[in-house]
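J.: Let's see this in three dimensions:
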Amino acid sequence: PLLRQSTRGSIINLSSAAGRLGMAGRSPYSASKWAVIGLTKTLAIELGGEGIRVNAICPGAVNGPRIQSVIEAKARMLQRPVDEVSDLYHAQSSLNKLVEAEDIANMAVFLASPMALRINGQAMAVDGNTEKLY
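T.: As a prediction, the model looks like this:
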């Protein structure tokens with residue numbers, strides 16, 4: 001059974017795996033994603049007493065047209081086949097898979113639900129255990 005709702009709200013920020021690991025050649029992007037995590041943790045402290053939980057979701061590479069164009073651009077820059085660079089992006093996670101948008105949505109639904117009443121100030125990785133970024 002679900003826990004009874006006893007908080008006033010939930011704020012869910014979006015960061016990135018780059019906000020946990022850093023990302024060579026993308027320092028402004030990585031810094032902005034680290035900032036989201038800092039904001040999340042600070043707001044969790046400031047708003048927790050009011051019954052408002054604040055968490056962040058940190059996706060890895062998300063399958064779709066955007067990452068495909070990133071992979072193609074990186075392949076051109078490195079003068080390597082697109083399939084080879086795509087394999088590198090898949091290998092970033094121990095699951096060897098890209099994240100699906102639905103995975104991120106599922107985490108958001110969970111964090112906003114009564115099942116997450118005691119989760120506050122966390123950076124939740126939805127990235128298949130990403131340990132390196134390309």
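
J.: pLDDT below threshold where in this structure?
T.: Scanning the chain for pLDDT under 70 picks out the ranges 1-7, 134.

J.: contacting residues around C58?
T.: Contact partners of C58, counting by C-beta atoms under 8 Å, 6 or more residues apart in numbering, are 15-17, 19-20, 33, 37, 123-127. Every residue, glycine included, has its C-beta placed from N, CA and C.

J.: Just to be sure, it is in a helix?
T.: No: going by DSSP: H, G, I helix; E, B strand; the rest coil, the assignment for C58 is strand, not a helix.

J.: If it is in a bridge, with which residues?
T.: A125 (DSSP bridges).

J.: one step back: cross the contacts of C58 against helices and list the overlap.
T.: 19-20, 33, 37 (DSSP state H).

J.: Most neighbours of all those, which one?
T.: G19 (26 neighbours; other C-beta atoms under 10 Å).

J.: if I look at that residue, how far off is I37?
T.: From G19 across to I37, the span is 5 Å (C-beta to C-beta, to the nearest Å).

J.: Mutual contacts of those two, please.
T.: By C-beta under 8 Å, 6+ apart, the residues touching both G19 and I37 are 56, 58, 123.

J.: can you redo those residues as a markdown table with distance to P28?
T.: Output for these, formatted as a markdown table (distance: C-beta to C-beta, whole Å):
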| residue | distance to P28 |
| --- | --- |
| A56 | 18 |
| C58 | 17 |
| A123 | 19 |
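
J.: one step back: tell me the one among the contacts of C58 nearest to H90.
T.: Of all the contacts of C58, D127 has the smallest distance to H90: 12.1 Å, by C-beta to C-beta.

J.: Could you pull up the residues touching the nearest residue to the closest one once chain neighbours are set aside?
T.: Spatial nearest neighbour of D127, excluding adjacent residues (C-beta to C-beta, 6 or more residues apart in numbering): G60 at 2.9 Å. With contact set as C-beta under 8 Å, 6+ apart, G60 has these partners: 17, 92-93, 98-99, 125-128, 130.
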